[in-house]
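>>> need a 3D model of the following:
(3 chains)
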Amino acid sequence: MKTLRVVLVLTLVSVFSAGTLSFFELLAEKRIAENEKREIEESIFTIVPQTEKIEEVKDYYKLFDKEGDLLGYIFLAEGQGYQGPVKILFGLKPNLEELLGIEIISHQETPGLGAKIDSGEFKQQFRRLRVLPKIEYLKKKPSLPNQIQAITAATVSSRSVVNILNKKIDQIRKEFKKR
Amino acid sequence: MKNVFKKGLWENHPIFKQLLGMCPTLAVTTSAINGLSMGLAIIFVLNFSSGIVSLIRKFIPPQVRIAVYTIIIATFVTLADLFLKAFFPSISKALGPYVPLIVVNCIILGRAEAFSSKNPPKLALLDSLGVSLGFLWGLVLLGSLRELLGAGTIFGIKVLGDFFEKWVVMVLPAGAFLVLGFLVGVINYIERKRR
Amino acid sequence: MRDLFLIFLSAVLVNNFVLTYFLGICPFLGVSSSYEQAVGMGLAVTFVMSLASSICWIFYHLILVKFGLLILEYVVFILVIASLVQIVEMFIRKYSPSLYQSLGIYLPLITTNCAILGLVLFMVIRDYNFIQSVVFGFSSGLGFSLVLVMMAGIREELKFSDIPQILKGASITLITAGILALAFMGFSGLISS
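Prediction:
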């Protein structure tokens, strides 16, 4: 009798918990998906403010301006940072040789140090940065159009961003060449 | 009645007196706003779980009580997590895994075991309200102090001018320990003065 | 092999659970006053962490993800951890009474140790595969034990030092932990290439 009661109570509580959660998940699901979509769109406008139209192609976006001319492409890259995965949204010019800019979608870097990869100052360096032969990072002021300056005391995080971008861009260039 | 509520606010303050729930206390107080959001999430979870535990306290077989409490707490934590993701995505991102970690926050299980499982809902709610509000002001104070020292701002508003050399270490993990350590010292001092 | 070694180094020294993620602070403050207790607790946590990471990995990938039950993630994790601790306790009590004598009292405390749930959550966020998860679990436990034992050593010495009255107790322990965390920041240069 006693065991029966234990099992009964545990089952009831679990059913109640699973029921409540699935109900609220249904309610929130749409909103969460919308949030994610809105965030991507907002980031795209931050990277390329003159965008008028975004066209989604399977794993990237095409951007057009008022006249309908192609402004560039937006890609999402993901890779390992210092403390966890880093997700970067970045824009490439149609010739695939220059960056339009980057936005950090998510990261887990140390607050105050590595987290500065999400600061305007750092991201600004990627505007109109040449990606050929590849992006490089320095610990001092950069002199070439394909170089950026790493964040002081957070070289690992800075390097991760550069590596993630280089890897993805390399892949994109190969894929686009095939077409 | 009133005493039950007031206890958690100062006399038995969860952070400064009992040193419970240290993990969110130290981890998310890198800024005042993060502290505030975590405090609100805890108010939600603690009050609802205390209320429910107190309501069904007579039906829970003692052998599995901890399991039942944890399921209830985990349910409300998931709800809080869902809510933050849906309505405040940026806060949800800033708090990261520390929202789900409320499940194992010893304050919540502690209140369920020590108080709400033995008292009627009204008293249980008063108790949890006091404790969670106490927790809230603790988090906001710690968050504001660390933000002030580490970035010169409070709630993102510049307080200290450019003359101030930022102590970045204060928003780093080591700073969390140091600030809380000295704060506990200050509270001890106030307490001694009052006596 | 290299990435496994990096996970190991990172979890033990660079991103130590106690000193950078504040996980497992409750036992850290509670049982770190004596060296012997710290060793016992450290062993128990390392053992449970290694087990928890592998079993939760299986539950997460083979059940939760497969059947679209991610909403139950936290409920399932905490139940798995609680039952795991209970089973380990019964098993040790039956087969090794001497081990139970030394570890037994720490086991129930581990269920509410946020380090275990934290470990599992980080494992999911970082998307580790099975082997990486096991290594991560073991090395996080080792890192926890290391800091716990160091802290116990320092606190035993602190007993004989002259501390201002108002800082006695929890206060000085937290400040000591802060200094330890500062020292551990020096390791962050380890993983740089």
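>>> quick one: the residue nearest the centre of chain A from chain B, how far?
Centroid-nearest residue in chain A, with C-alpha atoms, centre = their mean: A:I88, separated by 2.6 Å. For A:I88, the distance to chain B (C-beta to the nearest C-beta, to the nearest Å) stands at 15 Å. Every C-beta, even on glycine, is put in place using the N, C-alpha and C of the backbone.
>>> in chain A, which strand is the longest?
strand A:70-80 (DSSP state E).
>>> still on that earlier bit, ok, the residue nearest to the centre of chain A - contacts?
A:I88 makes contacts with A:76-78, A:102-105, A:161, A:164-165, as judged by C-beta atoms under 8 Å, 6 or more residues apart in numbering or on different chains.
>>> what of B:K85?
A:28, A:32, A:35, B:92.
>>> how about the strand or helix carrying A:T3 and chain B, touching?
Using DSSP states H and E, the element containing A:T3 is helix A:2-47. Yes - Helix A:2-47 is in contact with chain B by C-beta under 8 Å from any C-beta of the partner chain, via A:2, A:5-6, A:9-10, A:13-14, A:16-17, A:20-21, A:24-25, A:28, A:31-32, A:35-36, A:39.
>>> give me the helices and strands touching that helix, please.
strand A:70-80, strand A:85-92, strand A:99-106, helix B:65-87, helix B:89-95, helix C:73-95 (3 or more C-beta pairs under 8 Å, 6 or more residues apart in numbering or on different chains; DSSP states H and E).
>>> centre of the chain to that helix, how far?
Here the centre of helix A:2-47 is set off from its chain's centre by 24 Å, with C-alpha atoms, centre = their mean, to the nearest Å.
>>> what of stretch A:41-61?
13 Å.
>>> who's in contact with it?
Contacts for stretch A:41-61 (C-beta under 8 Å, 6+ apart): A:62-66, A:68, A:71-76, A:89-91, A:100-103, A:105.
>>> how about stretch B:144-164?
Residues contacting stretch B:144-164 (C-beta under 8 Å, 6+ apart): A:112, B:29-33, B:35, B:166-172, B:175-176, B:179, B:183.
>>> with stretch A:98-108 instead?
Counting by C-beta under 8 Å, 6+ apart, A:39-40, A:43, A:46-48, A:71-72, A:76, A:81, A:83-93, A:114-115, A:117-118, A:123, A:126-131, A:157, A:161, A:165, B:93, B:96, C:125 sit against stretch A:98-108.
>>> next SSE downstream of the helix or strand of chain C with the lowest mean pLDDT?
Lowest mean confidence among the helices and strands of chain C (mean pLDDT, DSSP states H and E): helix C:107-111, at a mean of 72. Downstream of helix C:107-111, the first helix or strand assigned by DSSP H and E is helix C:114-125.
>>> quick check: angle from whichever helix or strand comes after that following helix to helix C:114-125?
Next along the chain after helix C:114-125, taking DSSP H and E as the criterion, comes helix C:130-158. Interaxial angle of helix C:130-158 relative to helix C:114-125 (axes from the mean of the first three to the mean of the last three C-alpha atoms, to 10 degrees): 150 degrees.
>>> can I get the least confident helix or strand of chain C in PDB, CA atoms only?
Only the C-alpha atoms of helix C:107-111 are listed here, as PDB (Å, rounded to 0.1, in the frame of the first residue of the first chain):
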ATOM      1  CA  LEU C 107      27.300  11.500  -1.100                       C
ATOM      2  CA  PRO C 108      23.800  12.900  -0.100                       C
ATOM      3  CA  LEU C 109      25.300  16.400  -0.100                       C
ATOM      4  CA  ILE C 110      26.300  16.000  -3.700                       C
ATOM      5  CA  THR C 111      22.800  15.900  -5.100                       C
END
